[in-house]
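could you work out the structure for the sequence below:
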Amino acid sequence: MSQGGCVRCGIRYAAKNRREAVVRSWAVRLSGRTSYAHMYRLVERLPLCAGCLEEMPVIGEKICEQCGRSWEHQGQQLLECGALRCRDCRSIEENALRGNRGLLHYDEWGKDLLGLYKYRGDERLADFFGKLLTLAMYRYFRSGQFDYVVAVPLHPKRLSERGFNQMEIVAERIGRDIGVPARKDLIRTKETAKLSQQTGREARILSMQDAFAWRGEAAKPKKPSRILLLDDIYTTGSTLRACAQAIHQVETVKSYIWSLTIYR
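A predicted model of the protein is given here:
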């Protein structure tokens with residue numbers, strides 16, 4: 001754990017034995033795609049005390065195969081009838097985005113942390129969120145499965161207001177951790193209203209149409225690229241689907257695209 005203490009509660013010291021037990025427990029639960037030893041190292045380096053680490057709202061194993069939504073509270077009936085995708089995903093036409101995976105439930109545990117980073121510019125949290133996404137990548141995907149990572153871009157006006165693109169910084173962290181480049185060939189071409197100002201799922205989907213463009217050398221691959229899109233939260237999925245669609249529209253050789261988010 002970081003010598004600066006827990007990034008969530010500020011506790012500097014904690015019982016070492018208790019924290020190690022919590023780390024071991026998470027490593028066992030999350031090491032499906034990688035070894036226990038590797039997952040142990042990924043969990044152990046999270047700058048969280050034993051209590052906050054134990055309370056981490058990790059999404060369980062039973063999820064929608066498309067968007068990564070948890071079945072834990074609402075899906076027993078769907079599971080029994082053999083449904084693999086949630087109702088929202090079954091209503092969406094086939095898309096360039098193969099699927100999404102999220103690591104944490106978006107609840108009170110992480111809302112303040114994300115707000116500090118996203119809206120107050122607390123960039124020290126970039127390393128924390130980068131570590132979370134690296135952990136998520138190895139939980140859900142195989143090592144070497146992607147050629148590069150791409151952060152969802154901000155519109156220039158939003159970037160000017162915020163001062164930095166929080167996910168670009170996180171993308172650089174995870175890219176370094178998994179050994180692939182973080183590319184910036186995806187750009188935002190249309191400003192859209194904030195999610196809180198949009199009424200309903202359909203409004204969100206409509207606002208994202210033609211909101212992104214894929215440019216540069218990455219737009220002309222000689223063979224299919226394997227791309228991992230990164231964002232902080234998956235809500236309706238319209239942003240990530242629009243990003244994937246923008247990539248496919250200009251490619252003659254279609255890429256293999258997944259997305260990974262901190263929260264779902």
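
ranking helices and strands of this structure by mean pLDDT, which lands last?
Evaluated with mean pLDDT, DSSP states H and E, the helix-and-strand set of the chain has its lowest mean pLDDT in helix 76-80, which scores a mean of 54.

neighbouring contacts of the helix or strand encompassing Arg241?
If you go by DSSP states H and E, Arg241 is part of helix 238-250. Judged by C-beta atoms under 8 Å, 6 or more residues apart in numbering, the contacts made with helix 238-250 from elsewhere in the structure are 92, 95-97, 100, 150, 152, 186, 201, 204-205, 207-215, 219, 227, 229, 231, 234, 254-255, 257, 259, 261. For the C-beta atoms, the positions are set from N, CA and C on the backbone; glycine is no exception.

if you average pLDDT over it, what comes out?
In this model, helix 238-250 has a mean pLDDT of 94.

got it, and stretch 158-169?
Stretch 158-169 shows a mean pLDDT of 89.

start to end distance for that stretch?
One end of stretch 158-169 to the other measures 16 Å (C-alpha to C-alpha, to the nearest Å).

who's in contact with it?
Counting by C-beta under 8 Å, 6+ apart, residues outside stretch 158-169 touching it are 117-119, 121, 123, 126, 129-130, 151-154, 182, 184, 188, 191, 230-232.

so which of those residues belong to strands?
151, 182, 188, 230-232 (DSSP state E).

quick one: the helices in the stretch 101-250 of the chain?
108-118, 125-140, 156-162, 166-178, 201-207, 238-250 (DSSP state H, counting those that start in this stretch).

would you list the ones you listed in JSON lines and tack on distance to Arg19?
Formatted as JSON lines, the entries for the helices of the stretch 101-250 of the chain read as follows, by distance: least, C-beta to C-beta, whole Å:
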{"stretch": "helix 108-118", "distance to Arg19": "17"}
{"stretch": "helix 125-140", "distance to Arg19": "16"}
{"stretch": "helix 156-162", "distance to Arg19": "34"}
{"stretch": "helix 166-178", "distance to Arg19": "22"}
{"stretch": "helix 201-207", "distance to Arg19": "40"}
{"stretch": "helix 238-250", "distance to Arg19": "34"}
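
compare those helices and give me the one nearest Ser35.
Ser35 lies closest to helix 125-140 among the helices of the stretch 101-250 of the chain, at 9.4 Å (C-beta to C-beta).

tell me the secondary structure at the residue nearest the centre of the chain.
The centroid of the chain falls nearest to Thr261 when counting by C-alpha atoms, centre = their mean (1.3 Å). Classification of Thr261 into helix, strand or coil gives strand, according to DSSP: H, G, I helix; E, B strand; the rest coil.

look at it and report its pLDDT.
Model confidence at Thr261, expressed as pLDDT, equals 98.

and it, what does it touch?
If you count contacts by C-beta under 8 Å, 6+ apart, Thr261 has them with 68, 100-103, 230-234, 240.

for those residues, work out which two are farthest apart.
Largest separation among these by C-beta to C-beta: Leu103 and Leu240, giving 15.0 Å.

of the two, who's got more company?
Regarding Leu103 and Leu240, a neighbour count based on other C-beta atoms under 10 Å identifies Leu240 as having more, with 27 against 23.
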